[in-house]
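K.L.:
A structural model of the following input is requested.
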Amino acid sequence: MRFDGKVALVSGAGSGIGRATALGFAARGARVAVSDIIAAKADAVVSEIKQAGGTAVAIIADAGDPAGIDAMIGNTVKAFGGLDILHNNAFGQPALPAGQSRLAFVGDIDEKVWTHTIDLGLTGVFRATKRAIPELLKRGGGAIVNTASISGLFADYAIGAYNVAKAGVINLTRVAAIEYASKGIRVNCVCPGAIDTPLLRPSMSLPGFAEGTLGAIPMGRLGQPEEMANVVLFLASDLASYVTGAAVVADGGLTAQTGLPNRISAI
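P.N.:
Modelled structure (predicted):
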């Protein structure tokens, strides 16, 4: 998987899957735009890439804001002369008043949490995709890889807005894939399971959640950001030249099971 001569933009690249993907693109020859809302995080990843001999630029942008999307795409093109690959990965957490939880059943979801989650997690992906497509067409095509989730394929308790946003990302991926397949743009998404990232760690501290999660995963462990990055890199590469509209599950076997008990262990 090589990306020599390619320009890759990764949103939410300051940590987790985004950071691992940005490092992976750079290690394989791409010039990388490292976009994050937190300057220190973006700068740190750029420093890592440069220290390893790669080429990168930090772009500070809010992926939930139209102006931020314009800055993200526009500054990438300004820095590197074009765009070949977009990894839509940004997904932040809304700030809430002290003592208020973002975990709630549908009837109790705070509307600010709902609006923020949909704006960033779904509408932000749409905006970035819409803004990137003309740039990809100028290069004769390209690849878009979205970070979705197994939570977009199935339901969870108490994170309904997240479930809905990620389900939307999966079908947005499919729509864009069929609409632009004939123009040389491939659009796919990765659906991670439980991955050891800053987004999951607060839940892992809830009583019983870590034990229940690890017990439900056949591999018996959390996934690592680098393992998700490898899927993104494959989907963005020429090795996946006949893959578009796919939602690739990478969850350690979590959703491969019915959830019924192990019959052998019951004997």
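K.L.:
Give me the contact list for stretch 172-184.
P.N.:
Contacts with stretch 172-184, where a contact means C-beta atoms under 8 Å, 6 or more residues apart in numbering, come from 122, 125-126, 129, 133, 136-137, 140-142, 144, 146, 148, 185-189, 244-247. Any C-beta I mention is one placed from the backbone N, CA and C, and that applies to glycine too.
K.L.:
6 Å - rerun?
P.N.:
129, 140-141, 146, 187, 189, 244-245 (C-beta atoms under 6 Å, 6 or more residues apart in numbering).
K.L.:
Could you tell me which of those count as buried?
P.N.:
129, 146, 187, 189, 244-245 (16 or more other C-beta atoms under 10 Å).
K.L.:
now, which of these sits nearest residue 13?
P.N.:
Nearest to residue 13, judged by C-beta to C-beta, of the buried ones among the contacts of stretch 172-184 is residue 146 at 14.2 Å.
K.L.:
Hmm, that closest one is touching residue 190, no?
P.N.:
No: the criterion here is C-beta atoms under 6 Å, and residue 146 misses it with residue 190 at 7.7 Å.
K.L.:
that's a helix at residue 46, yeah?
P.N.:
Yes: under DSSP: H, G, I helix; E, B strand; the rest coil, residue 46 falls within a helix.
K.L.:
Enumerate every residue touching it.
P.N.:
Contact analysis of residue 46 by C-beta under 6 Å, 6+ apart lists 34, 56, 58.
K.L.:
count of residues packed around the second one?
P.N.:
Translated: residue 56. 27 (other C-beta atoms under 10 Å).
K.L.:
residue ranges with poor pLDDT in the protein?
P.N.:
92-101, 266-267 (pLDDT under 70).
K.L.:
Now do the helices in it.
P.N.:
16-27, 39-51, 66-80, 111-118, 124-138, 160-180, 201-204, 209-216, 225-236, 263-266 (DSSP state H).
K.L.:
ok now the second one, how far from the chain's centre?
P.N.:
Its chain's average C-alpha position is 19 Å from that of helix 39-51, according to C-alpha atoms, centre = their mean, to the nearest Å.
K.L.:
just the angle between that helix and helix 16-27, please?
P.N.:
30 degrees (axes from the mean of the first three to the mean of the last three C-alpha atoms, to 10 degrees).
K.L.:
next one: the fourth one
P.N.:
For helix 111-118 against helix 16-27, the angle between stretch directions is 20 degrees (the same axes, to 10 degrees).
K.L.:
name the helices or strands packed onto helix 111-118?
P.N.:
helix 160-180 (3 or more C-beta pairs under 6 Å, 6 or more residues apart in numbering; DSSP states H and E).
K.L.:
buried set for the helix it packs on?
P.N.:
Applying 16+ other C-beta under 10 Å to helix 160-180 flags 160-170, 172-174, 176-177, 180 as buried.
K.L.:
ok, now how distant is residue 13 from residue 41?
P.N.:
Distance of residue 13 to residue 41, computed by C-beta to C-beta, to the nearest Å: 8 Å.
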